[in-house]
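Colleague: sequence-free structure coming up:
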């Protein structure tokens, strides 16, 4: 919460730009009658200079000098923070994504933290969590102690991490939105250091915003430039420059249908949050956000909703986890956009079918270009399927969202095709994952057709990721009935191109099950009963391969690995190809 009630002797108001001297309408101000007789020489000079600066061009000349370091306004933070993290701060701990560190011994320079925790600390996103649970009197001492420590380490030293353009963009948004927490001190030296560092950070962004990676990082950097232009006196030139840069960053970071070019739902969620914060910065100046940014926000929300399940969380794609439902709902609410989920998105790459209480989400596009996303995944033609609030079929997810306690080898394994609910040929990836972590050759083209009716809706797609190495095209057909109680599928390997190896090729069609979904094989070995946490029962049947049930894992909304199971339909494909048909049907 932004509690602006005054603290004893708190000079926070002095950091705001000057308002009219006394609120009296110009021309109706009480004036001394009889000129300046009776005043001292200094008083007469002061009064005449005052009249000159308010009634002559000298007033305009003042604006060309150095502006005082202060904030013109304090925006609201439209997103509610995490209550548990905020309460942990009141108890003396900073906690994020599986890491907890005592505040009183937190050492920025020596911080050997995981990347998510480091970004959380250096972006000052924790100010949001603290303000959600604390009054200014409670929160300011904590925030100012951490701020003073950060300033001591980095105010005068450009550091590759702390001064990263995207972190400076976020820092400017959080510092200005939560200024009451960091500028309530009576220490003039400290307050001056905060404001001087803020201004220096803005100048750093002026030169380096475009150096941030495409997508949410570059958008964050340019949001910081615009915020500085709006909230630091004399910022009109910076504002214009920043708005042009932000328009470029949005055009390069979002597709025409509103999705992120990284194809990461988590990155799109982050982008929506940034734009929602920036809009409040404009609102603090009683102005509207530019049309390009508002249009981007309006398109991004339905694209994000298109990859959400009935439990209010995201599906797991491109290394991201499902996120927590409260956090997702808070960002959607902050966006101010009320809309329906986007069902078809060729650029964004995800297809959605919804019927009854069931939701089917399919990855129907090649992976993102390597330079657009860190830790991209080979997930083409994988799907997730939910029944109401229960996830039935999932991807393991979380390669970039898992807690640091998860071994690095496991995290890398979450990027593979086998960690997704799709077909795998020869225990290889549909798109290569290179030794340096980037994506290599593989899926270059995806063909897609879609038909919808009240009786049933169908998606048919194919990709060429296995053609070069194995000589097979993977075609997947998915049909969801109008009542949402049956999902039928077919996976086919079709000969194409010149095969590099002779003989049969092993394949496996994997169906990773949601948390707490219990699988039991039937006596004939061709089916399994799936019992959902709420008591619902689904039946899985297959033809064209051998069904087995094995262990798996799923990364939950907090990045923690959850033990699960998976159904595997395995077989061998001769030169002429292979075909596996399967069905999921709700029994109870």
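Modeller: Great, that's in hand. As the structure is a prediction and not an experimental result, all values here were calculated from the model.

Colleague: Give the full set of residues in contact with the residue nearest to the spatial centre of the chain.
Modeller: In the chain, the centroid-proximal residue (Cα atoms, centre = their mean) is residue 270; its distance is 2.4 Å. Going by Cβ atoms under 8 Å, 6 or more residues apart in numbering, residue 270 touches 216, 220. C-beta coordinates here come from the backbone N, C-alpha and C atoms, glycine included.

Colleague: Also the one 10 residues further on?
Modeller: With contact taken as Cβ under 8 Å, 6+ apart, residue 280 is in contact with 75-78, 177.

Colleague: What's the first helix or strand after the host helix or strand of it?
Modeller: Here residue 280, judged by DSSP states H and E, is contained in helix 265-284. Following helix 265-284 in sequence order, the next helix or strand is helix 291-305 (DSSP H and E).

Colleague: helix or strand right after that following helix?
Modeller: Trace forward from helix 291-305 with DSSP H and E and the next one is helix 325-335.

Colleague: between that following helix and helix 265-284, how big is the angle?
Modeller: 40 degrees (axes from the mean of the first three to the mean of the last three Cα atoms, to 10 degrees).

Colleague: Please renumber the chain so that the first residue is 590 from this point on.
Modeller: With 590 as the first residue, the last one maps to helix 914-924.

Colleague: Now do helix 914-924: which elements does it pack against?
Modeller: helix 854-873, helix 880-894 (3 or more Cβ pairs under 8 Å, 6 or more residues apart in numbering; DSSP states H and E).

Colleague: how far is stretch 1035-1042 from where the chain is centred?
Modeller: Centroid separation for stretch 1035-1042 versus its chain: 29 Å, with Cα atoms, centre = their mean, to the nearest Å.

Colleague: mind listing what the residue lying closest to residue 1045 once chain neighbours are set aside touches?
Modeller: Take residue 1045 and drop its neighbours on the chain: the residue closest to it by Cβ to Cβ, 6 or more residues apart in numbering is residue 1070, 5.0 Å away. If you count contacts by Cβ under 8 Å, 6+ apart, residue 1070 has them with 944, 1044-1045, 1076.

Colleague: And those, which two are furthest apart?
Modeller: Maximum pairwise distance in the contacts of residue 1070, criterion Cβ to Cβ, is 14.2 Å, between 1044 and 1076.

Colleague: rewinding a little: just the buried members of the contacts of residue 869?
Modeller: The neighbour-count test (16 or more other Cβ atoms under 10 Å) marks 664, 666-667, 766 as buried among these.

Colleague: For the stretch 790-939 of the chain, which residues score under the pLDDT cut-off?
Modeller: Filtered on pLDDT under 70, the stretch 790-939 of the chain yields no residues whatsoever.

Colleague: The chain now?
Modeller: Ranges of the chain meeting pLDDT under 70: 590-657, 960-961, 1088-1091.

Colleague: mind checking how far the nearest residue to residue 1164 once chain neighbours are set aside is from residue 1014?
Modeller: Excluding its sequence neighbours, the residue lying closest to residue 1164 (Cβ to Cβ, 6+ apart) is residue 1084, at 6.6 Å. Residue 1084 sits 12 Å away from residue 1014, going by Cβ to Cβ, to the nearest Å.

Colleague: list residues touching both of those two?
Modeller: residue 1061.

Colleague: Specify which residue of these two has the higher count of neighbours.
Modeller: Comparing residue 1084 with residue 1014 by other Cβ atoms under 10 Å, the one with more neighbours is residue 1014, at 22 against 15.

Colleague: Residues in a beta bridge with that one, which ones?
Modeller: Going by DSSP bridges, residue 1014 is paired in beta bridges with residue 1096.

Colleague: Wait, it touches residue 1082, no?
Modeller: Yes - with contact defined as Cβ atoms under 8 Å, residue 1014 reaches residue 1082; the gap is 6.9 Å.

Colleague: Secondary structure element holding the residue nearest to residue 713 when sequence neighbours are not counted?
Modeller: Among residues not flanking residue 713 along the chain, residue 763 sits closest, at 4.3 Å (Cβ to Cβ, 6+ apart). For residue 763, the host element (DSSP H and E) is helix 754-766.

Colleague: Packing partners of that helix?
Modeller: helix 704-712, helix 715-722, helix 777-797, helix 805-820, helix 854-873.

Colleague: if you set the cut-off to 6 Å instead, what comes out?
Modeller: With contacts defined as 3 or more Cβ pairs under 6 Å, 6 or more residues apart in numbering; DSSP states H and E, helix 754-766 has these neighbours: helix 704-712, helix 777-797, helix 805-820.

Colleague: Could you figure out how far the first one is turned away from helix 754-766?
Modeller: Calculated by the same axes, to 10 degrees, helix 704-712 forms an angle of 50 degrees with helix 754-766.

Colleague: cool, and the last one?
Modeller: Here helix 805-820 runs at an angle of 40 degrees relative to helix 754-766 (the same axes, to 10 degrees).
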